[in-house]
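[1] My questions are about this predicted structure, shown below with the sequence.
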Amino acid sequence: MFGSSNSGSPGVALIPMELTIVGCSGSFPGPASPASCYLAVADGFRLLIDLGNGAFGALQQYASPGDIDAVLISHLHADHCLDMCSYQVFRTFHPAGPLPRIPVFGPAAAADRLDRAAGGDSGHAISDAFDFVTLTPGTREIGPFRVTADHMNHPVETFGFRLEHGGRAIAYSADTGATDKLVGLAAGADVLLCEASFTQAPGLPANLHLTAREAGEHASRAGVGSLVLTHLVPWNDREVTAAEAGGSFPGPLSLAEAGRKL
């Protein structure tokens, strides 16, 4: 297990899993939100899921970056990982001295990709700040969380996640086109945080992103308790997005907003 949990300490009240939406803008930051970033907290353990462009600054509204215990990176597109470069600066040049390395779970090429993005010739390799762990499909314990990862349908290796703790389950699609694997990952989850990058239009690219209607269809097939649409591209109409998803998902449905807690 990476990190620690106080779940076994006598007299310590357990805090239910809570997820804060730090950023939910799709493909690039918008005027009301940075790109993808989510903060899951349970039993005092802080797990960061994605850190897209613009998200590192917003993160500091909800937690000190020095208090993050581990990071999950779904894939290596800039809107999901680029602010790891800023996070490296924070941990490397902190006034108290370099902070201890924390585990970063991501695709196999994560360390190399982020090192090049950060400027690997600076003399401070990104692996000096982070302990990179290669993700594979399956289930592992990260702090108090039971985390299941599976491949999604996207042009680069991409993982969706299911987080479980205290009898509650939250599934996260990351970026994906239509795939049965998302249905399996989200089956019976309390919440599905699902991308809805597209609204209905002719000529949409295949195997890239979901439409809002497709997000609703995946949520219905998975039998989730509620659906939260995320990765919302700023030029899309939010009311249209919600209406299209509502046509295929009959349960509680809402659109992600920066700062919202699930």
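    Everything's here; your move.

[2] got any ranges where the stretch 51-200 of the chain has weak pLDDT?
    Within the stretch 51-200 of the chain, the set of residues satisfying pLDDT under 70 comprises 120-122.

[3] hey, where'd the helices end up in it?
    55-59, 78-81, 84-92, 110-118, 180-186 (DSSP state H, counting those that start in this stretch).

[4] Most tightly packed of those?
    Sort the helices of the stretch 51-200 of the chain by mean neighbour count, taking mean count of other Cβ atoms under 10 Å, and helix 78-81 sits at the top with a mean of 24. Quick note: C-beta positions are derived from backbone N, CA and C, even for glycine.

[5] returning to what we had before: can you add distance to residue 143 and give the helices of the stretch 51-200 of the chain back as TSV?
    Listed next are the helices of the stretch 51-200 of the chain as TSV, based on distance: least, Cβ to Cβ, whole Å:
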stretch	distance to residue 143
helix 55-59	18
helix 78-81	20
helix 84-92	18
helix 110-118	19
helix 180-186	20
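
[6] closest one to residue 134 among the ones you listed?
    Closest to residue 134 of those is helix 110-118 (Cβ to Cβ; 7.8 Å).

[7] End to end on stretch 250-261, go ahead and measure it.
    22 Å (Cα to Cα, to the nearest Å).

[8] contacts for that stretch?
    With contacts defined as Cβ atoms under 8 Å, 6 or more residues apart in numbering, stretch 250-261 is touched by 18-24, 32-34, 58, 61-62, 193, 216, 219-220, 224-230, 232, 238, 241-242, 245-246.

[9] buried sites along stretch 216-225?
    216, 217, 218, 219, 221, 222, 224 (16 or more other Cβ atoms under 10 Å).

[10] Inside strands: which ones of those residues?
    Among the buried residues of stretch 216-225, no member is found in strands (DSSP state E).

[11] Can you classify the closest residue in space to residue 262 that isn't next to it in sequence as helix, strand or coil?
    Closest residue to residue 262 apart from its sequence neighbours, by Cβ to Cβ, 6 or more residues apart in numbering: residue 19 at 4.5 Å. The three-state label given to residue 19 by DSSP: H, G, I helix; E, B strand; the rest coil is strand.

[12] Which of the helices or strands spans residue 259?
    Of the helices and strands defined by DSSP states H and E, none includes residue 259.

[13] quick one, phi psi at it?
    With angles defined as degrees, to the nearest 10, residue 259 shows backbone torsions of phi 100, psi -10.

[14] can you check residue 202 too?
    Dihedral angles for residue 202 - degrees, to the nearest 10 - are phi -70, psi 150.

[15] That one and residue 211: what is the separation?
    12 Å (Cβ to Cβ, to the nearest Å).

[16] how many other residues sit next to residue 53?
    23 (other Cβ atoms under 10 Å).

[17] In this structure residue 212 contacts residue 241, no?
    Yes: when contacts are counted by Cβ atoms under 8 Å, residue 212 is listed as touching residue 241 (4.5 Å).

[18] The residue nearest to residue 86 when sequence neighbours are not counted: what's it in contact with?
    Leaving aside its sequence neighbours, residue 86 sits nearest to residue 56 (Cβ to Cβ, 6+ apart; 4.3 Å). By Cβ under 8 Å, 6+ apart, the contact list for residue 56 reads 65, 83, 86, 87, 90.
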